[in-house]
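Visitor: Turn this into a structure:
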Amino acid sequence: MTTENNTCGCGACDGMLDMNDYSGSLIGTEMPHFSMPAYVDGKVKTLSLADYKDKWYVLFFYPADFTFVCPTELEELANVYEQFKTIGCEIISVSTDTAYAHKAWQDVSPAIKKVKYPMASDANHQLSTYCNVLIDEEGMALRGTFIVDPDGVIKSMEVNDNSIGRSAKELLRKVKAAQFVREHGDQVCPASWEEGDETLTPGMDLVGKI
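Guide: All right, here's what the predicted structure looks like:
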């Protein structure tokens with residue numbers, strides 16, 4: 001994996017970010033332009049996050065190929081992948097396995113055969129380290145999910161213990177909510193908001209009335 005325009009001094013990103021300003025949270029910061037091998041469309045290619053400029057995308061970290069909870073998550077994402085594409089959002093799954101291991105897994109697993117989105121390799125641990133999801137002693141990632149907007153800004157992050165699977169439906173809901181508030185800057189989405197539901201416009205007239 002490589003990065004471009006490294007200026008923050010960490011050696012792993014191109015950002016202009018002082019992470020101390022965010023108390024460890026990546027929310028509101030720009031995702032660096034990492035590059036990494038990926039298995040996609042039956043080939044191993046170089047994937048650069050710079051290619052996703054002006055697009056929504058999700059980084060979907062999982063622990064390892066040939067495991068148990070992971071194929072259920074990736075299959076569920078595969079089943080709704082077209083819905084993500086319809087709203088202009090790409091999915092990039094990421095583990096510390098090689099891209100060739102991704103190919104081998106897809107060759108034999110009925111669930112992973114359904115995957116059409118890129119399966120990226122963070123074999124040198126740079127991206128998972130940057131996103132603070134790497135389990136150092138195991139060399140694998142936690143179940144981390146990062147929603148990134150067209151400006152490259154991280155709008156949502158979720159990190160689970162590896163025994164807890166995630167919901168593709170909930171992820172799709174959160175991407176739609178992030179897109180809505182980007183397009184309607186004066187409004188916010190309340191709990192469990194779904195597309196078409198009422199939103200809120202923050203103001204003094206709402207204080208104490210909700």
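Visitor: Roughly how far does the residue positioned nearest the centre of the chain sit from I154?
Guide: In the chain, the centroid-proximal residue (Cα atoms, centre = their mean) is L59; its distance is 2.0 Å. The spacing between L59 and I154, counted by Cβ to Cβ, to the nearest Å, is 9 Å. Backbone N, C-alpha and C define where each C-beta goes, glycine included.
Visitor: So what does the residue nearest to the centre of the chain look like in phi/psi?
Guide: phi -90, psi 120 (degrees, to the nearest 10).
Visitor: what does the one 10 residues further on give?
Guide: V69 has phi and psi values of phi -70, psi -30 when expressed as degrees, to the nearest 10.
Visitor: so where do the helices sit in the protein?
Guide: 69-86, 99-108, 126-130, 168-183 (DSSP state H).
Visitor: Output the contacting helices and strands for the longest one.
Guide: Helix 69-86 sits against strand 56-61, strand 89-95, helix 168-183, with contacts defined as 3 or more Cβ pairs under 8 Å, 6 or more residues apart in numbering; DSSP states H and E.
Visitor: returning to what we had before: show me which of the helices of the chain has the highest average neighbour count.
Guide: Highest mean neighbour count among these (mean count of other Cβ atoms under 10 Å): helix 126-130, with a mean of 22.
Visitor: Dump it to CSV, keeping only the CA atoms.
Guide: Provided in CSV are the C-alpha atoms of helix 126-130 (Å, rounded to 0.1, in the frame of the first residue of the first chain):
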residue,chain,number,x,y,z
GLN,A,126,-1.3,0.9,6.8
LEU,A,127,-5.0,1.6,6.3
SER,A,128,-6.2,-0.4,9.3
THR,A,129,-3.6,1.3,11.4
TYR,A,130,-4.6,4.8,10.2
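Visitor: So for that helix, mean pLDDT?
Guide: Helix 126-130 comes out with an average pLDDT of 97.
Visitor: Also stretch 55-64?
Guide: On average, stretch 55-64 scores 98.
Visitor: Ends of that stretch, what's the gap?
Guide: 27 Å (Cα to Cα, to the nearest Å).
Visitor: List the buried residues for it?
Guide: 56-64 (16 or more other Cβ atoms under 10 Å).
Visitor: Q187: which of the residues you listed is nearest?
Guide: W56 (18.4 Å; Cβ to Cβ).
Visitor: returning to that earlier point: CSV for the helices and strands packed on helix 69-86, including distance to T129?
Guide: Formatted as CSV, those follow (distance: least, Cβ to Cβ, whole Å):
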stretch, distance to T129
strand 56-61, 11
strand 89-95, 12
helix 168-183, 23
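Visitor: out of the ones you listed, which comes closest to M140?
Guide: By Cβ to Cβ (comparing all of the helices and strands packed on helix 69-86), the closest turns out to be strand 89-95, at 7.0 Å.
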